[in-house]
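1. Coordinates for the following, if possible.
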Amino acid sequence: MAIRLRTAHTADLAPAELRSARALLEDAFDGDFRDEDWDHGLGGLHVLVHDGRGLAAHGSVIQRRVLYRGRSLRVGYVEAVGVREDVRRTGLGGRVMAELERIIEGAYGLGALSASEDGAALYAVRGWQLWPGRVCVLTPEGAVRLPDEEGTTFVRPGAAVGPLDPAYPLVFDWRDGDVL
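-> Alright, predicted model coming up:
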């Protein structure tokens, strides 16, 4: 079975491709994939893996801002990673991540993502680091700590940022739905 990988910006995906990606993600997350979750994965680059049955895996990287040590970092934030149930544990998630990591390394100073329990092992084995420090979000009222996101947030430092010091929090930009 031939595997085909495609990378495309949201604007370059046909409506049918977007519907297919959303359906795959809704199945991959057992129906727990809301409108806000879908919105978070739009506006950046999508990695789509097709096999003989159609869309088999998807992931996207979007730009976010993170305040860290007095700087506003441009971050490649990984979203909407899912693999069709019948082809899980066959390496397709790794192929999606390899392409997303290539994009992050070439275009961003830092990669970040929030992992589910099921997804954490994939990211850790690929060299993503569980962030040991505080995680916050910048709200209209100021920075607010997100203790529930601590222990699920992974980072991938880029050359432009260098090593990160967990004594300083990562303060993510605000968005609707799940902030991370």
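
2. Checking the nearest residue to F29 once chain neighbours are set aside next. Helix, strand or coil?
-> With sequence-adjacent residues excluded and distances taken as Cβ to Cβ, 6 or more residues apart in numbering, F29 is closest to G82, at 6.6 Å. Yep, even glycine has a C-beta here, placed from its N, CA and C like the rest. Here G82 is strand, with the state taken from DSSP: H, G, I helix; E, B strand; the rest coil.

3. can you give me the strands for the protein?
-> Assigned by DSSP state E, the strands in the chain fall at 4-9, 45-51, 54-68, 71-83, 110-114, 129-130, 135-139, 142-145, 153-157, 170-172.

4. hmm, who's touching the last one?
-> For strand 170-172, the surrounding residues in contact (Cβ atoms under 8 Å, 6 or more residues apart in numbering) are 64-68, 112, 131, 133-138, 143, 153, 155, 179-180.

5. If we use 7 Å, what do you get?
-> With contact meaning Cβ atoms under 7 Å, 6 or more residues apart in numbering, strand 170-172 is reached by 64, 66-68, 131, 133, 135-138, 143, 179-180.

6. can you pull the pLDDT of A159?
-> You'll see A159 listed with a pLDDT of 66.

7. just E36 next, same as before
-> Reported pLDDT for E36: 95.
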